[in-house]
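Trainee: Below is the structure, and that's it, no one-letter string:
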């Protein structure tokens, strides 16, 4: 029984992450009829902003605020001005293809300017065990 | 007049009248490594160790008066991409090729390099790499056929385990390790009660940990790559696994300790290469590496560093840049730190290209790897 509950909770946690990613895709599709092939990188980049801010000495709450602000600026405003607005007049397909290029740019830039290695991230909740039953 | 001045260099160059000074003053030794993807930790550590060695050697004039020219090519941790990169560099006639680290990529690449008769110095550990009769393949890492028996002895004599579970990654590295481990367990009458495979790049280990908890083994042998090892250790701690977790070098590596945090404490195993070795040359290397790259390297950094000094020493012995002569001279060669300080520890390469040197038993205590015993070379 304990194993079943453990698997259920772990499965729900993993499923919730996939659901969040799906919500991102769905939101974009419903609002603009566009698929963003850089969606994965849109999830990756804010994490690296927060990590860089924490490595520069900022506490987590401040690093999170910095990450959110930079994400809004780069993935929101800059993305619209530099990618979406110029491409939209040519139709949806060129815009979708440009997100493929954006995906490569974001991935390779992070690799070159930060690191391609996995990085430790601080736990947001204590890692102690909490027996329920 | 201006047009002639502009066109003159083009004409001169196209007639081949420029002297290829750059080409003659360098030796082409490309590196094909995992710089992204699931193997990025291994490949970037290896690369940085290699770059440190190259800079040191080039600062002293290079090898036989030629600076080392090492372009870096990324395999993206994919065997197919690795093969394409090797094909690309072979067109430019390298002297020796360095890398890759992932055994799957090595097994694919070595078919090409053997055909081209170009030596390849690799970081792969799968036993199969040196069992195919390829005279051009050399390792700077222990093969599984040497390291796994040492762990098996530790399981039998140190842990006194009667039953074990094995968790392995489903790639050439993991499969080779798992096969060798089960063979060694059978020969020591230790029963394997769980045999669990996982995928490269896997992020969720909760189901695997549940299976391990249900297996009631005396000890658990974990044979994964770096990132997966860290994720597994975190999940194992979360679910309260209290059996000894035993690994081979990777599980106790610095990067895994950094990623897994407190979850790495208590892990034990055989360590082929480590910056925590009680050897002054290794510790000095670790300090130079940390100063240059601002992080503590794992065993892959040492593999990359010693690979370059291995090439330097063999080349200086044969006194020419001859790939065939390199391969012939390297087999059976023993290099001591007295002959070549960059080799860090005495090492011997056998007729198959496998390396023999001292190794260690270690344990992770308070976030640091602690060496508890030094094991002698097998050849002694």
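Mentor: Right, received. Where do you want to start? Quick caveat, the model's predicted, so the values are computed rather than measured. Numbers count the residues shown, from 1 in each chain, chains lettered A, B, ... in the order given.

Trainee: Quick one: residues contacting whatever residue of the stretch 251-380 of chain B ends up closest to chain A.
Mentor: Chain A sits closest to residue B:259 of the stretch 251-380 of chain B, with a gap of 5.1 Å, by Cβ to the nearest Cβ. Using the backbone N, CA and C atoms, a C-beta is placed for each residue, glycine as well. When contacts are counted by Cβ atoms under 8 Å, 6 or more residues apart in numbering or on different chains, residue B:259 touches A:118-120, B:226-227, B:230-231.

Trainee: how about a cut-off of 10 Å?
Mentor: Residues in contact with residue B:259 (Cβ atoms under 10 Å, 6 or more residues apart in numbering or on different chains) are A:117-121, B:41, B:226-227, B:229-231, B:233-234, B:253.

Trainee: can you tell me which two in these are farthest apart?
Mentor: A:121 and B:253 (18.7 Å; Cβ to Cβ).

Trainee: out of the two, which sits in the more crowded spot?
Mentor: Using other Cβ atoms under 10 Å in any protein chain shown, the more surrounded residue of residue A:121 and residue B:253 is residue B:253, with 29 against 12.

Trainee: which residue sits closest to the more buried one, ignoring its sequence neighbours?
Mentor: Spatial nearest neighbour of residue B:253, chain neighbours left out: residue B:298 (3.9 Å); criterion: Cβ to Cβ, 6 or more residues apart in numbering or on different chains.

Trainee: ok, that neighbour - contacts?
Mentor: Counted by Cβ under 10 Å, 6+ apart, residue B:298 has contacts B:41-42, B:45-46, B:49, B:226, B:249-250, B:252-258, B:273-275, B:369.

Trainee: At which residues are the helices of the stretch 1-150 of chain B located?
Mentor: Secondary structure of the stretch 1-150 of chain B by DSSP state H, counting those that start in this stretch: the helices cover B:2-14, B:21-24, B:40-59, B:79-90, B:103-116, B:144-153.

Trainee: neighbours of the residue in chain A positioned nearest to chain B, just the number please.
Mentor: Of all residues in chain A, residue A:10 sits closest to chain B, at 3.4 Å by Cβ to the nearest Cβ. For residue A:10, the count of nearby residues is 19 (other Cβ under 10 Å).

Trainee: rewinding a little: and the contacts of residue B:259, which of them are buried?
Mentor: Buried members of the contacts of residue B:259, counted by 16 or more other Cβ atoms under 10 Å in any protein chain shown: A:117-118, B:41, B:226-227, B:229-231, B:233-234, B:253.

Trainee: Nearest residue to the middle of chain B?
Mentor: For chain B, the residue nearest the mean C-alpha position is residue B:123 (2.9 Å; Cα atoms, centre = their mean).

Trainee: Identify the residue nearest that residue in space, chain neighbours excluded?
Mentor: residue B:101 (3.7 Å).

Trainee: what residues are up against the one you found?
Mentor: B:32-34, B:39, B:41-47, B:75, B:77, B:122-125, B:141, B:173, B:225, B:300, B:303-304.

Trainee: of those, buried ones?
Mentor: B:32-34, B:39, B:41-47, B:75, B:77, B:122-125, B:141, B:173, B:225, B:300, B:303-304.

Trainee: where does residue B:371 land in three-state SS?
Mentor: Secondary structure, DSSP: H, G, I helix; E, B strand; the rest coil: residue B:371 is strand.

Trainee: OK, contacts around it?
Mentor: Going by Cβ under 10 Å, 6+ apart, residue B:371 touches B:252, B:271, B:274, B:276-279, B:360-363.

Trainee: Derive a ChimeraX selection command for the buried subset of these.
Mentor: A single ChimeraX command selects the buried members of the contacts of residue B:371 (16+ other Cβ under 10 Å):
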select /B:252,271,274,276,277,279,360,361,362,363
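
Trainee: Could you export the contacts of residue B:371 as TSV, including pLDDT?
Mentor: Shown next, in TSV, are those (pLDDT from 0 to 100):
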residue	pLDDT
B:252	92
B:271	93
B:274	91
B:276	91
B:277	92
B:278	92
B:279	94
B:360	93
B:361	92
B:362	94
B:363	95
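
Trainee: How is chain B partitioned into domains?
Mentor: For chain B, automatic domain parsing gives the domain ranges B:25-142+B:278-359, B:147-271.

Trainee: go on, chain A?
Mentor: A:1-33, A:35-121.

Trainee: could I get these as JSON lines with mean pLDDT?
Mentor: Converted to JSON lines, these look like this (pLDDT from 0 to 100):
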{"stretch": "domain A:1-33", "mean pLDDT": "86"}
{"stretch": "domain A:35-121", "mean pLDDT": "90"}
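
Trainee: Ranking these by mean neighbour count, which comes first?
Mentor: domain A:35-121 (a mean of 15; mean count of other Cβ atoms under 10 Å in any protein chain shown).

Trainee: and that domain, how far apart are its ends?
Mentor: 29 Å (Cα to Cα, to the nearest Å).

Trainee: That domain vs chain B: in contact?
Mentor: Yes: contact of domain A:35-121 with chain B (Cβ under 10 Å from any Cβ of the partner chain) involves A:107-108, A:110-112, A:115-121.

Trainee: Just say helix, strand or coil for the residue of the stretch 251-380 of chain B closest to chain A.
Mentor: helix.

Trainee: Which pLDDT value goes with it?
Mentor: Per-residue pLDDT puts residue B:259 at 92.

Trainee: give the contact list for the closest residue to it other than its chain neighbours.
Mentor: With Cβ to Cβ, 6+ apart as the criterion, residue B:259 has its nearest non-adjacent residue at 3.4 Å, and that residue is residue B:230. By Cβ under 10 Å, 6+ apart, the contact set of residue B:230 is A:118, A:120, B:41, B:224, B:251, B:253, B:255-261, B:263-264.

Trainee: Can you check what angle separates the helix or strand residue B:230 falls within from helix B:40-59?
Mentor: According to DSSP states H and E, residue B:230 maps onto helix B:226-238. Interaxial angle, helix B:226-238 versus helix B:40-59 (axes from the mean of the first three to the mean of the last three Cα atoms, to 10 degrees): 130 degrees.

Trainee: Who are the contact partners of residue 85?
Mentor: Just so you know, I chose chain A. Residue A:85 neighbours (Cβ under 10 Å, 6+ apart): A:79, A:95.

Trainee: The intended chain is chain B.
Mentor: By Cβ under 10 Å, 6+ apart, the neighbours of residue B:85 are B:30-33, B:72-76, B:97, B:99-100, B:105, B:109.

Trainee: so which strand or helix has residue A:9?
Mentor: Going by DSSP H and E, residue A:9 is part of helix A:2-32.

Trainee: Could you tell me the model confidence score at residue B:344?
Mentor: 96.

Trainee: got it, and residue B:17?
Mentor: Value for residue B:17, per-residue pLDDT: 40.

Trainee: Equivalent analysis for residue B:152, please.
Mentor: Confidence score, pLDDT, at residue B:152: 93.

Trainee: Output the contacting helices and strands for the helix or strand hosting residue A:61.
Mentor: With secondary structure defined by DSSP H and E, residue A:61 is part of helix A:60-71. When contacts are defined as 3 or more Cβ pairs under 10 Å, 6 or more residues apart in numbering or on different chains; DSSP states H and E, helix A:60-71 sits against helix A:39-55.
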